[in-house]
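In: Take this sequence and fold it.
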Amino acid sequence: MAGTNPLIRDRDVDFQLYEVHDAEQLCKLPHFAEHTREIFDLWLRSAAKLAREQFYPAFKPMDEKGAELIDGRIKSPEGMAELFDAAVDLGLITAARPESVGGSQLPLTVSVVGYLYLMAGNSGAVGYPLLTAGAAHLIESFGSEALKATFMKRMYAGEWVGTMSLTEPGAGSGLGDITSTATPIEGREAEGAHHIRGSKIFISGGDLDFRDNIVHLTLARRPGDPPGVKGISLFAVPRLRPSAGLEDPSNEDAGEGEIAVEFNDVHTSQLIHKIGWKGLPSLGLSYGEADDCVGWIVGEPCRGLSYMFQMMNEARILVGANGTATASAAYHQSVDYARERKQGRSLDPRQKTKEPIPIIEHPDVKRMLLRQKAIVEASMCLVMTASRYNDVAEHGANEGDRKRARMILDILTPITKTFPAERGFESTSLALQIHGGYGYSSEYLPELWFREQRLNSIHEGTTTIQGLDLLGRKVVANMGQSLMVLMEEIRADIEVARKDGVDEALCEAVKIEVARVGGLTQVLGQRGMSGDVLGMMAHSHDYLCLFSNFIVAWQWLRMAGAASRGLTEAHDPDSEAFYRAKLEAARYWIRTELPDNARLAELCESNEDSYLKVPDSAW
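Out: Below is the predicted model of the structure:
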């Protein structure tokens, strides 16, 4: 089983990267000028090889025997150390980071595809390097030079690892309620040293046994700072602290080689027993049980949550990538199974055979496969679209381009996180269904992907949080300017699709949704401005679903345009079939999924409130 699944199909990657997103154009930006398509392909093929040959074979064994908590420390699953080393050798941690900090300076548009391959191979195993990358990036962006020298360099080198330590037993989505404290250490104010005390929970990758040290990017509150989110600061809290304090950044050797360290009073208090992702432990952590835990403030006081959102927004795109990758692996497995499994006879009276046929020939199996294909490939396109806007937002040719890209990215981020997670779960469920009774068996992989996929709707902000963020903040920001910029982009792509020869009915359907989504947003925004915030937000989930359907229709229209262009140059049956399948998937989504937006819009606009009228005592 492990040897046949491509996880992510290389031909789909080439189509998306170069025919839809034209990634080579990014090489015209000064930041990426040293790169070429050949460099992109070399790195991606290395990532695919690592995913297929090492990450994927370890996937099921890590689920069967995951991490263990023994005498207060985590014992990592067998093989995790080797996979982490291989990821470091690939340059995964620093793939998208600049050369100035030892990175490869790849566009996120490209590096995220490498992440997709590895996530499809083994979600848990890729967690450690990507969490380390995000934590080190926070220190790179906001930390002092001493923090960079002491922690960032070693994290980017893969010598130490990192986490995001936010959630507390009484503060999950409501981070303003955190109770962890940070007390300045007298005489060490200049270096930003604080005594940290408190408890965290659900900390992914919070301990390990294949590296000596782990640095927790931790939210805590200093004495006297404001209540709520405005009083939260960010701290770097290592499990082992440097015995002599932070290194001197003016020292040429700072950040290199081993340094003397000592235990920093950070304890693993709990191993969460999860239904999936068992290779990457989710832990409870305790800081300062002996009042001897030191953390160093990152950036300015009381700006911790705004800093952390850099990592959280990156993580939300990566959650979307993970939802895509998991659904992709399950989809390809179900295609192979449907081709091999023979059951039933053809419904076509013209078929004379009385022998059982491969189930892929049954209409309803084809329906389930096409729905998976439509979800998986649109999710991949969406993740790459968000990544491309991120590249332009950070490295665009001028401030106008960068600002425009940031506005669009802000709106796309909750969609990019949510659609691959929610619809990816549906897609993975279809893969299990196609396997029938075997799919419901733990001896086969579909049920494992099904369990793994469920987390993507929960971590880094639940689907509810994403809906509130989209409607309550993103689309109404700057008096709706960000939404207007996005709509301009979509209208332009509709015209490109028309010129490429895409079915006019599909183009018109997406154009109608531009008007529907814009009009509905205006209605809900005015409702909120009039003081009826509940009336505006009560259907934020329905609005999120509607907006996601619309954005995915846009993605499929773009892919249909690229496929239409490709068909004109296709000179062999396989290429022609490849492009025609894209066109059929686009037609499927726009004709069968997008029409649901009319129902969703009516629910939002009429403010259907039956669930709000049920008395609390009646649930």
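
In: Can you tell me the closest non-neighbouring residue to residue 77?
Out: Distances taken as CB to CB, 6 or more residues apart in numbering put residue 62 closest to residue 77, at 4.5 Å, once the chain neighbours are dropped. The C-beta positions use only the backbone N, C-alpha and C, and glycine is treated the same way.

In: Then residue 236 would be within a strand, right?
Out: Yes. The assignment for residue 236 is a strand, going by DSSP: H, G, I helix; E, B strand; the rest coil.

In: There's contact between it and residue 299 in this structure, I believe.
Out: No. Counting by CB atoms under 8 Å, residue 236 does not reach residue 299; the two are 10.4 Å apart.

In: neighbour-wise, which of these two wins?
Out: Neighbour comparison, residue 236 and residue 299: the larger count goes to residue 236, with 27 against 19 (by other CB atoms under 10 Å).

In: mind listing what the more buried one touches?
Out: 139, 143, 147, 151, 215, 216, 217, 218, 295, 296, 298 (CB atoms under 8 Å, 6 or more residues apart in numbering).

In: circling back: for the residue nearest to residue 77, grab the count of nearby residues.
Out: Residue 62 has 24 neighbours, counted by other CB under 10 Å.

In: from here on, count from 422
Out: Got it, first residue is 422 now, which makes that one residue 483.

In: Could you verify that it is part of a helix?
Out: Yes. If the criterion is three-state DSSP, then residue 483 is within a helix.

In: Distance of it relative to residue 823?
Out: Distance of residue 483 to residue 823, given as CB to CB, to the nearest Å: 41 Å.

In: any idea which element the residue nearest to residue 1019 when sequence neighbours are not counted lies in?
Out: Excluding the flanking residues, the one nearest residue 1019 by CB to CB, 6+ apart is residue 937, at 7.7 Å. Residue 937 belongs to helix 925-950 when elements are defined using DSSP states H and E.

In: what about that helix, average pLDDT?
Out: The pLDDT scores in helix 925-950 average 97.

In: ok, then the element right after it?
Out: helix 954-958.

In: packing partners for that following helix?
Out: helix 925-950 (3 or more CB pairs under 8 Å, 6 or more residues apart in numbering; DSSP states H and E).

In: so how far is the helix it packs on from its chain's centroid?
Out: 27 Å (CA atoms, centre = their mean, to the nearest Å).

In: go on, stretch 576-587?
Out: Chain-centre distance of stretch 576-587: 18 Å, with CA atoms, centre = their mean.

In: can you pull the buried residues of that stretch?
Out: Residues of stretch 576-587 classed as buried by neighbour count (16 or more other CB atoms under 10 Å): 576, 577, 578, 579, 580, 581, 582, 583, 584, 585, 586, 587.

In: Spatially nearest residue to the fifth one, not counting backbone neighbours?
Out: If I follow you right, that is residue 580. Counting by CB to CB, 6+ apart, the nearest residue to residue 580 once its immediate chain neighbours are dropped is residue 632, at 7.0 Å.

In: and residue 499, helix, strand or coil?
Out: Here residue 499 takes the coil state, with states given by three-state DSSP.

In: Please report how far residue 726 lies from residue 737.
Out: Computed with CB to CB, the distance linking residue 726 and residue 737 is 15 Å.

In: Looking at these two, which has the bigger crowd around it?
Out: The residue with more neighbours, out of residue 726 and residue 737, is residue 737; 25 against 20, by other CB under 10 Å.
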